[in-house]
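Q: what would the 3D arrangement of this be:
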Amino acid sequence: MPYMRKEQQAYSKKRTKNASAKRRERERVALRKNILKAASHEFLEHGYESFSLRRVAERIGYTPTTIYLYFRNKDDLLHGTVLEGFQEFDAQIAHVATSHRDPLKRIEALGNFYVQFGMDNPALYRLMFMQRSDLYLMPRFHEDDVNAENLSPMNPQGQTPRILAQELLVQALEEAMKNGNIEKGDAKLKADVLWVGVHGLVSLAISPLISAEYAPTLKEELIRTLIKGTFSS
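A: Numbers count the residues shown, from 1 in each chain. Prediction:
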């Protein structure tokens, strides 16, 4: 009996220790998410140049020292913000792709979502695609375009992988070509042509050059023109 009690006590201590470790991990993950959320708001309000770790800490009620327990510096925190942005972006655009069986409808839906995401998240879009491409491996025009300019500690081989949105677009284009919906050719090149078009529109739409009211009208016309005018067989 004494042996059984010791065994039960040891098991109980182990369970308590495991439960405590799991709770600390949940708290750590939750705090990291709060830091990233606060960083997104800070960037939205002040932009990259005026981004402040001190203000991020103030937003969550901690000292800047706490931020450094999770992120090395400003760029590391912004890199984390970009990764979070791409995770959300990828999840949403994957849902869009699976919602359309017809490849042409899928291409149109992907383009519409891309533009809408940029207009709905202008600060995050700038950080993801425009201002600091070295924070994350941004989409390039072609995988073969590998040179010394792309080399960095985060990208030692100078590789330029595509993001999920481009992979989904290439798949839809290949399917459309197979079905005879569009002219045959280099699906990756065609995807890049589409990307140039929608990225250009987002870049203008989140600037003072195009009003928020006019941008949706341009979006519909641009995507129809790109698909029907350029890719129709």
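Q: which helix or which strand is home to R59?
A: helix 53-60 (DSSP states H and E).
Q: show me what that helix is packed against.
A: Helix 53-60 is packed against helix 2-46, helix 64-68, helix 74-98, with contacts defined by 3 or more CB pairs under 8 Å, 6 or more residues apart in numbering; DSSP states H and E. (Each C-beta comes from the backbone N, C-alpha and C, glycine too.)
Q: can you mark which positions in stretch 211-225 are buried?
A: Residues of stretch 211-225 classed as buried by neighbour count (16 or more other CB atoms under 10 Å): 215, 219, 222-223.
Q: could you chop the chain up by domain?
A: The chain breaks down into these domains under automatic domain parsing: 1-71, 74-233.
Q: what does the host helix or strand of V193 rub up against?
A: With secondary structure defined by DSSP H and E, V193 is part of helix 187-205. Helix 187-205 is contacted from outside by 107, 111, 114-115, 118-119, 125, 129-130, 139, 141-143, 166, 169-170, 173-174, 177, 182, 210, 212, 215, 218-219, 222-223, 226-227, 230-231, using CB atoms under 8 Å, 6 or more residues apart in numbering.
Q: and the residues you listed, which of them are in helices?
A: Among those, DSSP state H puts 107, 111, 114-115, 118-119, 125, 166, 169-170, 173-174, 177, 215, 218-219, 222-223, 231 in helices.
Q: now, of those residues, which are buried?
A: 107, 111, 114-115, 118-119, 125, 166, 169-170, 173-174, 177, 215, 219, 222-223, 231.
Q: where does pLDDT dip in this protein?
A: Within the chain, the ranges that satisfy pLDDT under 70 run 1-14, 16-17, 19, 132-162, 229-233.
Q: find the residue at the geometric middle of the chain.
A: F86 (1.4 Å; CA atoms, centre = their mean).
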